[in-house]
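**Student:** quick one, what's the 3D model for this:
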Amino acid sequence: MSVDRAVMLTAEGKVDLEQELLSLRTVKRPAVAARIQELTMDGDVSDNSEYEDTKEELMLIEARMREIENLLRHARIAEKSDSPDEAQFGSQVTLIDENGVEETWTLVSQEEANTLHGKISIKSPVGAAVLGKRVGDNVIVRAPGGESTFTVKLIE
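**Tutor:** Prediction:
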């Protein structure tokens, strides 16, 4: 992924990326490089699938490092509004679906999105639909899987 534009990040997102980069540089890449060296010392690697897989893993780590470095180079930290009356970039929004199930999401950029950590992109169907909404508003989300309705319960 090449980034030639400003990348909006939350302050937390920037810290997360910096920590990931540090971990890749100081833990993962050295461990994988050491494993490659071990495998080459074991003899012929021309037909060794473990060696090829480990080399591929190293290439993926280095590609991710370059991607993070590029993101951080172009990062702009979004300032959060003092009055979170409406959902905006960086807001944490609690939604209630038609069945009464609550979901809480932080609205972030595509580069920072991670649904496993409760962060959705403002470009995603839910993120885009929630932007600009206020507590009590109904939100209709049109996604490839169909249409869903949510009510905004809380904005932080």
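**Student:** which residues are in contact with the longest helix belonging to the chain?
**Tutor:** With DSSP state H setting the assignment, residue counts place helix 49-73 as the longest helix in the chain. For helix 49-73, the surrounding residues in contact (Cβ atoms under 8 Å, 6 or more residues apart in numbering) are 1-3, 7, 9, 14, 17-18, 20-21, 24-25, 28-29, 32-33, 35-36, 39-40, 45, 111. Where you see a C-beta, it was placed from the backbone N, CA and C, and this is true even at glycine.
**Student:** against which helices or strands is whichever helix or strand comes after that helix packed?
**Tutor:** For helix 49-73, the succeeding helix or strand toward the C-terminus, using DSSP states H and E, is strand 75-77. Secondary-structure packing of strand 75-77 (3 or more Cβ pairs under 8 Å, 6 or more residues apart in numbering; DSSP states H and E): strand 7-9, helix 11-23.
**Student:** pick the most buried one from these.
**Tutor:** Counting by mean count of other Cβ atoms under 10 Å, strand 7-9 has the highest mean neighbour count of the helices and strands packed on strand 75-77, with a mean of 21.
**Student:** off-centre distance for that one?
**Tutor:** On the basis of Cα atoms, centre = their mean, to the nearest Å, strand 7-9 sits 11 Å off its chain's mean C-alpha point.
**Student:** again with stretch 61-72
**Tutor:** From the chain centre to the centre of stretch 61-72 is a distance of 13 Å (Cα atoms, centre = their mean).
**Student:** pull out the buried residues from it.
**Tutor:** Residues of stretch 61-72 classed as buried: I61, R64, M65, E67, I68, N70, L71 (neighbour count, 16 or more other Cβ atoms under 10 Å).
**Student:** I'd like these laid out as JSON lines, including distance to A128 and pLDDT.
**Tutor:** Listed next are the buried residues of stretch 61-72 as JSON lines, based on distance: Cβ to Cβ, whole Å; pLDDT from 0 to 100:
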{"residue": "I61", "distance to A128": "32", "pLDDT": "98"}
{"residue": "R64", "distance to A128": "27", "pLDDT": "97"}
{"residue": "M65", "distance to A128": "30", "pLDDT": "98"}
{"residue": "E67", "distance to A128": "24", "pLDDT": "95"}
{"residue": "I68", "distance to A128": "25", "pLDDT": "96"}
{"residue": "N70", "distance to A128": "25", "pLDDT": "95"}
{"residue": "L71", "distance to A128": "21", "pLDDT": "94"}
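**Student:** thank you, goodbye.
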